[in-house]
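K.L.:
following is a predicted model, sequence given first.
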Amino acid sequence: MPINDEELVEIFKKLNNNVIKVNYARFSIVDIPYNVRLKLWENLKEAYKKYLKKDYIYFPDLDKEIKKYFEWTLSVIAFSFYYNNEPFPEIYKYNDSELKAVEYLLKLKPIEGYSVNDIIKAIKEKNNNEILYVLKEYVNKISYRMGELLKGIKNPILKEYIYEKWLLYKSKIDEALVYALKDPWFVEFLKCNGIEDCKKLLKNKEINFDLECYRKWFYRKIKEKLNDMIENGLSKIENKKYKIKYIDDKNKILAILEEKKPLPIKRSKILLYCVCKNNLISLKDLLNILKRLNFNNNFKKVIVVVASSVGFDERAIYVLNSEYFINNVLKDKISLILLDIKRGKVYYGLEDEYAKALDFPKLLYFE
């Protein structure tokens, strides 16, 4: 039986009141007494059932938004029982991916009230614990797990809400990280147990940075890019479509791009070789890296990405556009890309179409 307008107003009141309570609590909802949360769940579920009895065909957009708020708020309350390992009969309605995605979104939620400039300011002033710990969670964990979790969400309405919020938070954080990862204090903070620990390090002694942090970040970003390319199935270089498989070990990442053709005859292959060093790379170092490369002639092109957490000697950068170096070292076989992680700079030959196609500046959020 359709519900009347008075009942609808009452439903919206319950939805609004519960959404406000849950959103205000954020992650601390897990600390609200069990009986209070259970009552929140029951009230909201009852209101949602009544709402679903009415057909809002004339207001599809509004109807969709209301359902998203219902599903999100219910999922947050359900997560609180799961997090606290409390008895809750309806937890079966949510799978592990949904509950973990809710947890991550709750941890990122403080970002919603801040602009990109606010985030950058917090990093510079080093005094906003809330923002700094959100960034730490994002960089060290959430950024490379959320994509996988989204695939596992079965509830389409909840998935759309989480995806929209994730994109909102991610875009803000990624833009801020362009600047943040150039700040030595922030890089050090990512490895510290707390802000005060980092402040002590800065105050009492000269920090000897563990440049391993840069290296790990570089490899993680490369893997993210390759995983994204594998997921999408295709990559376009020279107007050809490639499938990708990659192998990584402790010191480098190798990816093989094989042209997609119905038959295996004359499929062109490209090798992508990525390595990161924690020292200033000279021209001699660069030549030694190229010399040690062990690849056969099965590859049409070998793309070598050399990153450094310290930087490059001027001569190493200069030779990228040297005619002698291009003709006698690269020999139209090797595409060479240099990434200065510390300064956020990308270097490659002006005529290197392969380097341009891979778009490393965009991948690593460099200017």
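P.N.:
Arrived safely, thanks for sending.
K.L.:
low-confidence ranges, the stretch 101-250 of the chain, go.
P.N.:
Within the stretch 101-250 of the chain, the segments meeting pLDDT under 70 span 191-192, 194-215, 227-240, 248-250.
K.L.:
how about the strands in it?
P.N.:
With DSSP state E, counting those that start in this stretch as the criterion, the stretch 101-250 of the chain has strands at 235-237, 240-248.
K.L.:
show me what the longest one is packed against.
P.N.:
Here strand 240-248 is seen to pack against helix 212-232, strand 235-237, strand 252-259 when contacts are counted using 3 or more CB pairs under 8 Å, 6 or more residues apart in numbering; DSSP states H and E. Bear in mind the C-beta positions are built from the backbone N, C-alpha and C, glycine included.
K.L.:
repeat that with 10 Å
P.N.:
With contacts taken as 3 or more CB pairs under 10 Å, 6 or more residues apart in numbering; DSSP states H and E, strand 240-248 sits against helix 212-232, strand 235-237, strand 252-259, strand 269-277.
K.L.:
next, the angle from the last one to strand 240-248.
P.N.:
Between the direction of strand 269-277 and that of strand 240-248, the angle (axes from the mean of the first three to the mean of the last three CA atoms, to 10 degrees) works out to 40 degrees.
K.L.:
next helix or strand past strand 269-277?
P.N.:
strand 280-281 (DSSP states H and E).
K.L.:
that following strand pairs with which strands?
P.N.:
Paired with strand 280-281 in the same sheet, following DSSP bridges, are strand 311-312 (parallel).
K.L.:
could I get the buried residue list for the helix or strand just after the partner strand?
P.N.:
Next along the chain after strand 311-312, taking DSSP H and E as the criterion, comes helix 314-318. Neighbour counts over helix 314-318 (16 or more other CB atoms under 10 Å) mark 316, 317 as buried.
K.L.:
what residues sit buried inside the next helix or strand along the chain from helix 314-318?
P.N.:
Toward the C-terminus, helix 314-318 is succeeded by helix 323-325 as the next helix or strand (DSSP H and E). By 16+ other CB under 10 Å, the buried positions in helix 323-325 come out as residue 325.
K.L.:
now do helix 323-325: everything it contacts.
P.N.:
If you take CB atoms under 10 Å, 6 or more residues apart in numbering as the criterion, helix 323-325 is touched by 283, 286, 287, 318, 319, 331, 336, 349.
K.L.:
mind giving me the PyMOL select for those residues, buried ones only?
P.N.:
A single PyMOL command selects the buried members of these (16+ other CB under 10 Å):
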select buried, resi 283+286+319+336+349
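K.L.:
what's the most distant pair in the contacts of helix 323-325?
P.N.:
Within the contacts of helix 323-325, two members stand farthest from each other by CB to CB: 318 and 331, at 18.6 Å.
K.L.:
contact partners for the residue most central in space within the chain?
P.N.:
In the chain, the centroid-proximal residue (CA atoms, centre = their mean) is residue 143; its distance is 3.1 Å. Counting by CB under 10 Å, 6+ apart, residue 143 touches 104, 137, 170, 173, 174, 177, 220, 221, 224.
K.L.:
which members of those residues are classed as buried?
P.N.:
Buried among the contacts of residue 143 (16+ other CB under 10 Å): 104, 170, 173, 177, 221.
K.L.:
out of those residues, which are inside helices?
P.N.:
Counted as lying in helices by DSSP state H, out of the buried ones among the contacts of residue 143, are 104, 170, 173, 177, 221.
K.L.:
for residue 242, see how far away the last one is.
P.N.:
Computed with CB to CB, to the nearest Å, the distance linking residue 221 and residue 242 is 20 Å.
K.L.:
got it, and the second one?
P.N.:
Summarising the geometry, the distance separating residue 170 from residue 242, computed by CB to CB, is 27 Å.
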